[in-house]
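Q: build me a model:
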Amino acid sequence: MTEMDNTFEESEQVELEQFEAPSSDPTPRASLSGRPEGIFRGMWASLFYSGRMTGKTVLITTSARREGASTIACGLGLSGSGTAGGARVVLVDFNQWAPALHKILHLSRGPGLGEILTGKQDIASAVQRVNENLDVLAIGSNERRSLAMLRSNAIETLFQQLAEIYDYVLVDSAAANHYPDSQVLSGVL
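A: Numbers count the residues shown, from 1 in each chain. As a prediction, this is how the structure comes out:
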């Protein structure tokens, strides 16, 4: 039995060619088109159907800024929530330094994570619908969170609640070589 090759030779292999959000429809829509769709489907299958994954939450980060973690998070979310995966997925933008999920998917910045962690909103009022099976929890308020906030019980509680609501929780985080957020979050998730 041969092993599946999950590596990418060029950054273009993981770029999304198109996200569409029709202006006449109040519900944002996003889709993958062309070659990236198959790549993200393969990544989804490799992560979630290989039998090696034991949890429901995946932290997505890169070593340096602008290496495509947000693009990968969106592609995985769209693939997993679409006909290929059919799972209930939530994308969480936990990149407080360069939040991008709301921009990529043509959503508003908030309310979102910032409002939930400060008790101003609950999950149901803060998530934004992308498609039938995909919701996004954008970054929310632009107040930067401290490491103490990253280690707070509110974050653990939030991710426990999200894991009860959704089949999978995909967390987009800041670049690991520039900010400590990913390392701290990995201990919470």
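
Q: how about the helices in the chain?
A: Using DSSP state H, the helices found in the chain span residues 35-48, 69-81, 101-104, 113-117, 123-126, 147-150, 153-165, 181-188.

Q: which residues does the closest residue to Val89 other than its chain neighbours contact?
A: Closest residue in space to Val89, ignoring its immediate chain neighbours: Ser81 at 4.4 Å, by CB to CB, 6 or more residues apart in numbering. Heads up, the C-betas are built off the backbone N, CA and C, glycines and all. Neighbouring residues of Ser81 by CB atoms under 8 Å, 6 or more residues apart in numbering: Ala87, Arg88, Val89, Val130, Asn131, Glu132, Asn133, Leu134.

Q: Ser125 - how many residues pack around it?
A: Neighbour count of Ser125, defined by other CB atoms under 10 Å: 10.

Q: list the contacts of it.
A: Pro111.

Q: and it, how close does it get to Pro111?
A: Shown here: Ser125 relative to Pro111, a distance of 7 Å by CB to CB, to the nearest Å.

Q: now swap in Thr57 and tell me
A: Thr57 is 22 Å from Pro111, by CB to CB.

Q: one more: Leu117?
A: For Leu117, the distance to Pro111 - CB to CB - is 11 Å.

Q: now the common contact residues for those two.
A: Contacts common to Leu117 and Pro111, judged by CB under 8 Å, 6+ apart, are absent.

Q: mean confidence score for stretch 65-83?
A: Average pLDDT, stretch 65-83: 85.

Q: tell me how many other residues surround the closest residue to Cys74 other than its chain neighbours.
A: Distance criterion CB to CB, 6+ apart; nearest residue to Cys74, sequence neighbours excluded, is Ile104 at 5.2 Å. Neighbourhood size, Ile104 [other CB under 10 Å]: 19.

Q: now do Arg129
A: If we define neighbours as other CB under 10 Å, then Arg129 has 14 of them.

Q: same question for Gly140.
A: Neighbour number of Gly140 under other CB under 10 Å is 24.

Q: what does Arg52 give?
A: 8.

Q: list the contacts of it.
A: By CB under 8 Å, 6+ apart, Arg52 has no neighbours at all.

Q: and the gap between it and Met43?
A: Taking CB to CB, one finds Arg52 at 14 Å from Met43.

Q: for the protein, name the helix or strand with the lowest mean pLDDT.
A: helix 147-150 (a mean of 60; mean pLDDT, DSSP states H and E).

Q: and the closest residue to Asp172 other than its chain neighbours, what is it in contact with?
A: In space, and not counting its chain neighbours, Asp172 is closest to Ala73: 4.2 Å by CB to CB, 6+ apart. Listed by CB under 8 Å, 6+ apart, the contact set of Ala73 reads Ile60, Leu91, Leu101, Leu170, Val171, Asp172.
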